[in-house]
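# give me a model of this one.
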Amino acid sequence: MQTVKTVEKITIRDQEFSKKIINKGITPLERCYQCYACSDACPMAFVMDYYPNQLIHMVRLGLKEKVLSSKTIWVCVSCWTCVTRCPNEIDIVRFMDVLRVESLKGGFKSPVNEIPKFHKVFLEEVHKKGRISELELLFRYKLKTCGFFSLKKLREDISLGLKMFLKGKLKPYAPVVVCQKAVEEVFTKVQWSKGRQ
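The predicted model follows:
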């Protein structure tokens, strides 16, 4: 039985938000009948504040604030396990991507502040070069998060980076992209821009 406090928390609904998310080309969310297959299969569920099936239900209810401030959308690693297990073929990975973009555009605070910053730097790097230069990505991410100010963490990063470099896992430069125009077309198609992220 729900308490009055719980009922009060879910009275502020934004049906326009619900329609907006549903109209983003995701497999119809109405198909979700809350079977929990996605959440049971998710390898990251143990660190989520809401399970994937709960987020789908919250979007349908129009709980914009809770959804876009959730930790779940940022800890999802897009492994596709949920999509392969869903009996209704709901593209939960695309759903999470849409929610991340909406969260960034809306300026919502995330309980895991570092992940949205990494997300933004990663997309800027791909937009700029079409590929990732791990060293430049790391450098820009550390600048954005003030990661150079912890000597202990800096030593750990240098030690790990050196090991990766010696094993050929860390390249000092990004491969050259032959067709930057195609990369730009992809970003235009998904309507991404630095100012909106």
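# tell me the pLDDT of Glu102.
pLDDT for Glu102: 91.
# tell me which element it falls in.
Assigned by DSSP states H and E, Glu102 belongs to helix 92-106.
# pull out the buried residues from that helix.
Ile92, Val93, Phe95, Met96, Asp97, Val98, Leu99, Arg100, Val101, Glu102, Ser103, Leu104 (16 or more other Cβ atoms under 10 Å). Glycine gets a C-beta too; all of them are placed from N, C-alpha and C.
# dump those to JSON lines, plus distance to Asp40.
Shown next, in JSON lines, are these (distance: Cβ to Cβ, whole Å):
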{"residue": "Ile92", "distance to Asp40": "13"}
{"residue": "Val93", "distance to Asp40": "16"}
{"residue": "Phe95", "distance to Asp40": "17"}
{"residue": "Met96", "distance to Asp40": "17"}
{"residue": "Asp97", "distance to Asp40": "22"}
{"residue": "Val98", "distance to Asp40": "23"}
{"residue": "Leu99", "distance to Asp40": "20"}
{"residue": "Arg100", "distance to Asp40": "23"}
{"residue": "Val101", "distance to Asp40": "27"}
{"residue": "Glu102", "distance to Asp40": "26"}
{"residue": "Ser103", "distance to Asp40": "25"}
{"residue": "Leu104", "distance to Asp40": "29"}
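# which one of these is nearest to Ala45?
Using Cβ to Cβ, Ile92 is the member of these that lies nearest Ala45, at 12.1 Å.
# so how far is Ile21 from that closest one?
Ile92 is 12 Å from Ile21, where distance means Cβ to Cβ, to the nearest Å.
# state the helix or strand in which Tyr177 lies.
Slight slip there: residue 177 is Val, not Tyr. Val177 belongs to no helix or strand, assigned by DSSP H and E.
# which intervals of the protein have sub-threshold pLDDT?
Applying pLDDT under 70 to the chain flags residues 1-11, 147-148, 176, 178, 191-197.
# per the record, what domains does it have?
Per automatic domain parsing, the domain ranges recorded for the chain read 4-106, 114-196.
# returning to that earlier point: give me the residues contacting the helix holding Glu102.
Here helix 92-106 makes contact (Cβ atoms under 8 Å, 6 or more residues apart in numbering) with 20-21, 24-26, 29, 38, 52, 55-56, 59, 67-69, 72-74, 76, 78, 80, 82-83, 86, 110, 116, 119-120, 192, 196-197.
# and those residues, which are buried?
For the contacts of helix 92-106, a burial check counting by 16+ other Cβ under 10 Å picks out 21, 26, 29, 38, 52, 55-56, 59, 67-68, 72-74, 76, 82-83, 86, 110, 116, 119-120, 192, 197.
# in helices, which of these appear?
Of the buried ones among the contacts of helix 92-106, the ones assigned to helices by DSSP state H are 21, 38, 52, 55-56, 59, 67-68, 72-74, 82-83, 116, 119-120.
# count of residues packed around the spatially closest residue to Trp74 that is not a sequence neighbour?
For Trp74, ignoring the flanking residues on the chain, the nearest one in space by Cβ to Cβ, 6 or more residues apart in numbering is Ile115 at 4.1 Å. Neighbourhood size, Ile115 [other Cβ atoms under 10 Å]: 16.
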